[in-house]
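Colleague: Give me the fold of what follows.
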Amino acid sequence: MDDGLTSTDVNKNSKLVNQMLGTKPIVLIGLMGAGKSTVGRRIAQYLNRPFIDSDSEIEKAAGMPIPDIFETHGEDEFRAGEVRVISRLLTENNNAVIATGGGAFMNEETRKNIENHAVSVWLDADINLLFERVSRRNTRPLLRTADPFGTLKALYDQRNPTYALADVKVTSFDGTHEAVAAKAIDALATYLNA
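Modeller: Below you'll find the model as predicted:
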């Protein structure tokens, strides 16, 4: 691993996290591009837990992709569906690692649900790294503006104080998904063992 953690460390930390959490889910929050889905899958593998992407679940429930939900029904309707889906995921999916969309944790009801039913992990990253990652594809409805970087920076500044309410903060970096996941499991082990 390129973050100084060995596979022995990851195995030891994974056992500790599973032992301390029991069936409580882990919920990943953070801005688009932080790696919630890709890193979340690796965390789930290390912990031998199911992985669920709330955005995929929202698309299934709506029967259409998220950009189409935004276009057809607007952001408010998307957010209302997001609250319902995440609430359901938290109560029906014990033991899961759940990746949420970037705006999910901004909703007070969702934050309370996560606080009451899960452990939250904020995957943070440098704004330039986030922009480099989200610029690879044009699938982000909120960034379809004349100034995508400015829009992302405004979201970053607006949302980070709320993301800081998460139980655990992990700074994502330009390394492998496995290395960031190992760092997240290490941070979870430290938090749970405090």
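
Colleague: The residue minimising distance to the centre of the chain pairs with what?
Modeller: The chain has Leu28 as the residue nearest its centroid, 2.9 Å off, counting by C-alpha atoms, centre = their mean. Beta-bridge pairing for Leu28 (DSSP bridges): Ala99, Val121.

Colleague: could you measure it against Val180, distance?
Modeller: 11 Å (C-beta to C-beta, to the nearest Å). (Each C-beta comes from the backbone N, C-alpha and C, glycine too.)

Colleague: Need the residues touching each of those two.
Modeller: Val39, Leu123 (C-beta atoms under 8 Å, 6 or more residues apart in numbering).

Colleague: one step back: could you tell me which residues make contact with the residue nearest to the centre of the chain?
Modeller: Contact partners of Leu28, counting by C-beta under 8 Å, 6+ apart, are Lys36, Val39, Gly40, Ile43, Val97, Ile98, Ala99, Thr100, Ser120, Val121, Leu123.

Colleague: from those residues, which is closest to Gly175?
Modeller: Nearest to Gly175 out of the contacts of Leu28 is Val39 (C-beta to C-beta; 10.4 Å).

Colleague: So that closest one is in contact with His177, correct?
Modeller: Yes: counting by C-beta atoms under 8 Å, Val39 does reach His177; the two are 5.3 Å apart.

Colleague: These two: who's more crowded?
Modeller: Remark: of Val39 and His177, Val39 carries more neighbours, 27 against 17, as counted by other C-beta atoms under 10 Å.
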